[in-house]
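>>> Fold the following and give me the result.
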Amino acid sequence: HTFSPHITIAARPEPAPALLATEPVHSEPALPDGVVDLHDRLAAWQPSIGSILLAVGPGGVPYYAHAKDLCHVALAGATGGGKSNIMRLLLAQLLSTGAKVTLADPHFAPYDPESGDDWRPIMQRLAVQPAVKADEIRHMLAWLALEELPKRLERRRNGEHPGTPHFLAIDELPAIVADVKDAPDYLSRLLREGRKVNLLTIGAAQDFLVKTVGGAGGVRDCYRTAYYVGGDAQTARVLLDVKGSVDDGRLGQGLAFLRSKATPTAQLVRVPLASNEALYSLLGGFQPASTAFPLASTGFPQASSTATILPFGKPAGRHVEAMLQEASTASESHDMRTPEQERILALFQAGSDVAAIVKDVYGLTSSGGRKYQDYSAQVQAVLRSALGMAA
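Model prediction:
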């Protein structure tokens, strides 16, 4: 017998080709780690009306937008998530470009000793002093919705430029809606019609549900820019135009989801820190020696006298208003004014005549008698002095 076994030899497997050293391994760029300070960005770039920094994306790529493309801005998220920092980031840039800003905030403080945030650089550039009390906020909203908005719409109908971009910044929006009568109606009108005439809003709230901020649900569609720093899933779905949940516990303290013209699909971004140094650089002011200091201890300029005396009522004639504003910016005249004189000028600029001013300031009920004549002479002296300084 012949032994002839059948042997099958399997083919040797080809070795996997080694990666060439010249072939890069691709990976998705990540968001910058740690704090991104706006102050550091200002060394190579400055805000302009066409270039407002919104956030920084993966790989450190900045997202910019034209001021008008911000349209209405919603800042949504739980307390401590960073809404105030986003507000500072936007307002500081807008003011530095020449845009007008008014601020309504029932909890406003020029300096926050707990966080160390100095709001005075922003405060000194506002169109009017911050509205804090409920009555002040009501007057501000009514002025913008019932006077400024119609004026701008009229200019637009006449083929004229409607005016410089004007942003109404509102913090603690739910508290304002709860305490200020007609606030939802005024805000709804500004949201629906203001975009056409550069009258825009920036609102901050823990959530933007109808039961919290008032108005109809469709009004929320007017927010073209939305930051979300966590807290309410329904708000995220509405403002970011997403389905499901976007909060995985990382949001806040610099991390946010942003939907804007620069990011039509909501993206996770890092929001730059609007540090005091950044505000001083953009808006002026003096850096304090320490983070804890009394307000009167520095030479930081206070809110402009124009903001102090500009009321929310009917303005005086343009010529008189211009002279009053010029006079009010003279530091020597402002230092010498008493609160009574400031009140007289404010009422006059609002359109009150001498008799009405005397009754308001001095509490007189009639326009006759020696006392009225004396007070009337004092009022006229204040007005002549102010107009004479302006001339």
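>>> Could you look up the SS state of the closest residue to Lys371 other than its chain neighbours?
Computed as Cβ to Cβ, 6 or more residues apart in numbering, the closest residue to Lys371 that is not its neighbour in sequence is Leu364, at 6.9 Å. Placement of C-beta: from N, CA and C, glycine included. In three-state terms, and counting by DSSP: H, G, I helix; E, B strand; the rest coil, Leu364 is coil.
>>> so which helix or strand takes in Ile86?
The secondary structure element spanning Ile86 is helix 83-96 (assigned by DSSP states H and E).
>>> Just the buried residues of the lengthiest helix in the chain, please?
Counting by DSSP state H, the longest helix found in the chain is helix 370-390. Burial within helix 370-390, assessed by neighbour count using 16 or more other Cβ atoms under 10 Å, is assigned to Tyr372, Tyr375, Ser376, Gln378, Val379, Val382, Leu383, Ser385, Ala386, Leu387, Ala390.
>>> which of those has the weakest pLDDT?
When the buried residues of helix 370-390 are compared on pLDDT, Ala390 comes out least confident, at 41.
>>> roughly how far apart are Ile202 and Ile52?
From Ile202 over to Ile52 the distance is 11 Å, taken as Cβ to Cβ, to the nearest Å.
>>> which neighbours do those two share?
For the pair Ile202 and Ile52, residues contacting each of them under the criterion Cβ atoms under 8 Å, 6 or more residues apart in numbering are Leu70, Leu90.
>>> right, and Leu190 touches Thr201 too?
Yes - the pair formed by Leu190 and Thr201 meets the contact definition of Cβ atoms under 8 Å, at 5.8 Å.
>>> Show me whatever sits in contact with both of those two.
Between them, Leu190 and Thr201 have Leu168 as joint contacts when contacts are counted by Cβ under 8 Å, 6+ apart.
>>> would you turn the buried residues of helix 370-390 into JSON lines with distance to Asp207?
As requested, the buried residues of helix 370-390 are exported to JSON lines (distance: Cβ to Cβ, whole Å):
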{"residue": "Tyr372", "distance to Asp207": "54"}
{"residue": "Tyr375", "distance to Asp207": "51"}
{"residue": "Ser376", "distance to Asp207": "53"}
{"residue": "Gln378", "distance to Asp207": "52"}
{"residue": "Val379", "distance to Asp207": "49"}
{"residue": "Val382", "distance to Asp207": "48"}
{"residue": "Leu383", "distance to Asp207": "48"}
{"residue": "Ser385", "distance to Asp207": "51"}
{"residue": "Ala386", "distance to Asp207": "47"}
{"residue": "Leu387", "distance to Asp207": "50"}
{"residue": "Ala390", "distance to Asp207": "48"}
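>>> tell me which of the residues you listed is nearest to Asp232?
For the buried residues of helix 370-390, the closest approach to Asp232 (Cβ to Cβ) belongs to Ala386, at 50.0 Å.
>>> Before I go, just wanted to say thanks for your time.
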